[in-house]
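>>> A structural model of the following input is requested.
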Amino acid sequence: MNLRDATPGEIAEVLSHTHALWSDGLEMDAYREFIATLMASEWATEGERNYRFLVLVDDDTDDVAAAVKLYRFTARLDGGLIHVGGIGAVFTLPHTRRRGYAAGLIAKTHTIMADRGDVLSLLYSEIGARYYAGLGYRQLPAHAVRIKVPPKGALSAGCSPMHRNDLDHVIRIREMEDLAAPFALVRDRAN
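As a prediction, this is how the structure comes out:
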C-alpha cells in the first residue's frame, strides 16, 4: 500500500462518503468547496504544507482504501516552539474495512511527520479513543473553549459583533489565556 497526496477525483470520492459524518450540515457542493478553499489557503500551502489530504492506495490497482488529513502546526511546549503533526478525518472506505488499513495509514503518516521534524502527533477524533490508544495515542482532557472577555475599554470597544479586523485582538486574548499552559498551539492570522 502506498500513501500519497490525493487527486481531486479521489478527494471527491472520499468526501462523498464522509459528507454525512463531517460536513456539519453543509450541502455536498458547499462541503467540497470548503475543503478546496482550505487546501488552497496560504496557511495550508506554506512551508512543508500545513494541510494535506492523503490517501492510502493499492500498489497494483491504485484503488483508494483509506484517507486522512495531515496537518502541521507550531506549538509552544514549556516555553519553546516546536512543530506538531496533526491527524484528522481518518476514514477507511466501506469495502476495505477490517483489513488494518487505518493503522497502516497512521503509521505511514507518522513517518512523514518524523521525516519533517514534528516533535509529536495530535489526533482529533470524536470516536474510537480505545482504538487510537492501541496505536499509542492517549486521550487528553478538552481545553476550555471559552475565553474571558476583557473589561469594557480594554479593547477599542465594548462587546459588539466581530469584524475581520478584530482577529488580532482575539488572538491576543487567546494567547493570554494560553500563557499558563505548558502546551498550546501557536495562533496567527494564517491558521
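>>> any idea which element residue 106 lies in?
Per DSSP states H and E: residue 106 is located in helix 101-115.
>>> residues of that helix that come out buried?
Residues 101-103, 105-106, 108-110, 112-113 are the ones in helix 101-115 that count as buried (16 or more other C-beta atoms under 10 Å). Heads up, the C-betas are built off the backbone N, CA and C, glycines and all.
>>> contacting residues around residue 86?
Counting by C-beta atoms under 8 Å, 6 or more residues apart in numbering, residue 86 makes contact with 70-73, 121-124.
>>> what sits against the residue nearest to it when sequence neighbours are not counted?
Computed as C-beta to C-beta, 6 or more residues apart in numbering, the closest residue to residue 86 that is not its neighbour in sequence is residue 71, at 3.4 Å. By C-beta under 8 Å, 6+ apart, the residues touching residue 71 are 50-52, 85-88.
>>> for residue 13, same thing?
Neighbours of residue 13 in contact, by C-beta under 8 Å, 6+ apart: residue 64.
>>> in what helix or strand does it lie?
Assigned by DSSP H and E, residue 13 falls in helix 8-22.
>>> Show the average pLDDT along the helix or strand just after that helix.
Remark: after helix 8-22, the chain's next helix or strand is helix 28-40, criterion DSSP H and E. Averaged across helix 28-40, pLDDT comes to 95.
>>> Likewise for stretch 97-109?
The average pLDDT within stretch 97-109 is 96.
>>> what comes into contact with that stretch?
Residues outside stretch 97-109 that contact it (C-beta under 8 Å, 6+ apart) are 1, 3, 54, 56, 65-68, 70, 85, 87, 90, 92, 121, 123, 131, 135.
>>> what comes up buried for the least confident helix or strand in the chain by mean pLDDT?
Scoring the helices and strands of the chain by mean pLDDT, DSSP states H and E places helix 167-178 at the bottom, with a mean of 76. For helix 167-178, the neighbour count (16+ other C-beta under 10 Å) marks 173, 178 as buried.
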